[in-house]
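S.K.: Just need the structure, nothing else, for what follows:
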Amino acid sequence: MNFVFIVQGEGRGHMTQAIALSQMLRKNNHTLSKIIIGTSPSRSIPEYFIRKIGAPIIQLESPNFIKDKKQKSVNLSLTLFQTLWKSNTYRKNIKILSHIIADENPDIIINFYDFLAGIYNFWYRPKSKFICIAHQYLISHPQFTFPKGKTMDRMTLKLANHITRLNADKVLALSFQYFKESMTKNIIVTPPLLRDELLELNIKTGDYVLIYIVNSGYGEEIEFFHQKNPSIPLICFWDNDKKPSKYVICKNLIFHQLNDQLFLQKMAACKGFVTTAGFESVCEAMYLGKATLMIPVNGHYEQACNAIDAAKAGAGITGSSFDLTPLIDYFPQHKNIKNQFQPWVAKGENIFIQHLT
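M.R.: Predicted coordinates for the structure are as follows:
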């Protein structure tokens, strides 16, 4: 069967999932003819995605979160304003998307949580099957635990889920752990999509803490913690084009630009992991048995949901700042759940092939 992927370009998780699924499909003799990726002026497509996805890529500007001036929090009001301001651009891009799909004529379109893809599917009703994949869809499960309060944020996330899956034939909800099937019949709970490279890593336990931040503004908080705790080695990955690929402050504080292979190597040997609670990176840490501190980006409700869900699954603990002291104190208490998590991941290929083909 021939597939076309439409991938949201915000963060790196959806792109990593797309790579993992492309590897799985090719192993099972299916083809991937085109990738359409929703981009924004503030984000560039990482080199590793271009190298590994193995299909021609077309970029179309699509709605994305706008950060505050400090490059930390999500500015929801500015995000909404920009979406309205660029509505004509988005309408044109939906039309371009329709031409691409018509030319490719795929058997199946996979939407990795891109907004324009959902609207396209609702407006144009293509003959191709339209299947959506994302962790966000798990919030429809009755066992899902939401952050307390923030009713408006919850409604906004539900609206985003609805838009991205408009008129979908099937929805696959990626999950940290197994849930009994009790959602609507076209929403299926599945294991996460993890890259083959992760599954082949040699796991060790070093002395450093690995930190992953997409929003570069958090670098100041990490430097502040380091000044107070200079003996704790910190290796950080960030998206900051104003700094060199390897930015060495001292031997115990090093920042790297996003690099998939180096990141996985460092994760395999770290003592613990700190992240802004993106689904994919937490799953990778769980697979490798690394204690994790999850610090959701302020204003990013989806990440707040991820943090609670992952903590329930045994990934680690949640926090509100890049003071890593709680993680250091948590290390002796952490229960390594990789022996429970890895078999759940291993079931993924059969489940995905069953539901996608």
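S.K.: use CA for all of it now, contacts and neighbours both
M.R.: OK.
S.K.: Residue 253 contacts residue 229, correct?
M.R.: No. Residue 253 sits out of contact with residue 229 when judged by Cα atoms under 8 Å, with a separation of 10.6 Å.
S.K.: out of these two, which sits in the more crowded spot?
M.R.: Remark: of residue 253 and residue 229, residue 253 carries more neighbours, 21 against 13, as counted by other Cα atoms under 10 Å.
S.K.: Could you report the separation of that one from residue 34?
M.R.: 40 Å (Cα to Cα, to the nearest Å).
S.K.: do the same with residue 118
M.R.: Residue 118 is 17 Å from residue 34, by Cα to Cα.
S.K.: mind checking how far stretch 280-297 is from the chain centre?
M.R.: The chain centre lies 12 Å from the centre of stretch 280-297; the measure is Cα atoms, centre = their mean, to the nearest Å.
S.K.: residue contacts, residue 253?
M.R.: With contact set as Cα atoms under 8 Å, 6 or more residues apart in numbering, residue 253 has these partners: 223, 226, 233, 234, 235, 236.
S.K.: For it, grab phi and psi.
M.R.: phi -150, psi 110 (degrees, to the nearest 10).
S.K.: what do you get for residue 29?
M.R.: Dihedral angles for residue 29 - degrees, to the nearest 10 - are phi 70, psi 30.
S.K.: tally of neighbours for it?
M.R.: 9.
S.K.: Relative to residue 219, how far out is the residue nearest to residue 188 when sequence neighbours are not counted?
M.R.: Leaving aside its sequence neighbours, residue 188 sits nearest to residue 172 (Cα to Cα, 6 or more residues apart in numbering; 4.9 Å). For residue 172, the distance to residue 219 equals 35 Å [Cα to Cα].
S.K.: cool, and residue 131?
M.R.: 37 Å.
S.K.: what's residue 273 in contact with, if anything?
M.R.: With contact set as Cα under 8 Å, 6+ apart, residue 273 has these partners: 209, 210, 211, 212, 267, 285, 290, 291, 292, 293.
S.K.: Pick the one among those closest to residue 341.
M.R.: residue 285 (10.4 Å; Cα to Cα).
S.K.: Please give the element, helix or strand, for the closest one.
M.R.: Taking DSSP states H and E as the definition, residue 285 sits inside helix 279-288.
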